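1. pasting the sequence and the predicted model now:
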Amino acid sequence: MKRIPVVIPLLFLALSCGGQESVKETAPAGGMSPKKVSLPSIKGADMDGYIGMKVSMTAQQSEIIHQHMILTQFVDDRKLYYIDTEDGYQITAYSLKPVPCNGKIKVVGTIGEVSGHAKAGGGHHSELYIMVEDWECLD
């Protein structure tokens, strides 16, 4: 029984340290610069194959906003934006930074999914979104 008070703090420490990731760049042989991994560049139609993954996509801020399921709780001050992908899909984008321009933009972020009950008893409904890390003006 005397071991339990010691085990609990050690267990807590082990669990609290396990959630951090580190990324290492390794230099190829011959003294060349580190190899950089490029992100997949996707279209709106491809998003469902990238849930939970960091991607880039080309889009522009929406002029006409359609109804979407939206996230309502954040741990930070993200704002909601509506963007149209280059292949005609409109998605929600959540970002700490405002959209920097009105034309074409490159969006870098992680694809997520929100789901719940559809309006008027229409069953279960899911939509994809992007949690934006960065915007870049292309025009």
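-> Yes, it's here. It should be emphasised that the depicted structure is a prediction, and the values quoted were computed from it without experimental measurement.

2. contacting residues around the closest residue in space to residue 97 that isn't next to it in sequence?
-> Take residue 97 and drop its neighbours on the chain: the residue closest to it by CB to CB, 6 or more residues apart in numbering is residue 135, 6.3 Å away. All C-beta spots, glycine's among them, are computed from the backbone N, C-alpha and C. For residue 135, the set of contacting residues under the criterion of CB atoms under 8 Å, 6 or more residues apart in numbering consists of 95, 97, 99, 100, 105, 106, 107, 108.

3. drop anything exposed from those residues.
-> In terms of neighbour count (16 or more other CB atoms under 10 Å), the buried residues within these are 95, 99, 105, 107, 108.

4. against residue 66, how distant is residue 53?
-> As judged by CB to CB, to the nearest Å, residue 53 and residue 66 stand 25 Å apart.

5. one more: residue 57?
-> Relative to residue 66, residue 57 is positioned 18 Å away (criterion: CB to CB).

6. the two - which one has more neighbours?
-> Neighbours per residue (other CB atoms under 10 Å) separate residue 57 from residue 66, with residue 57 holding more: 27 against 10.

7. would you mind confirming that the more buried one is in contact with residue 40?
-> No: judged on CB atoms under 8 Å, residue 57 makes no contact with residue 40 at a distance of 9.2 Å.

8. anything in contact with each of the two?
-> Overlap between the contact sets of residue 57 and residue 40, as judged by CB under 8 Å, 6+ apart, is nil.

9. ok, now which ones touch the residue nearest in space to the middle of the chain?
-> Using CA atoms, centre = their mean, the residue of the chain that lies closest to the mean C-alpha position is residue 110, 2.0 Å off. By CB under 8 Å, 6+ apart, residue 110 lies in contact with 52, 53, 54, 55, 130, 131, 133.
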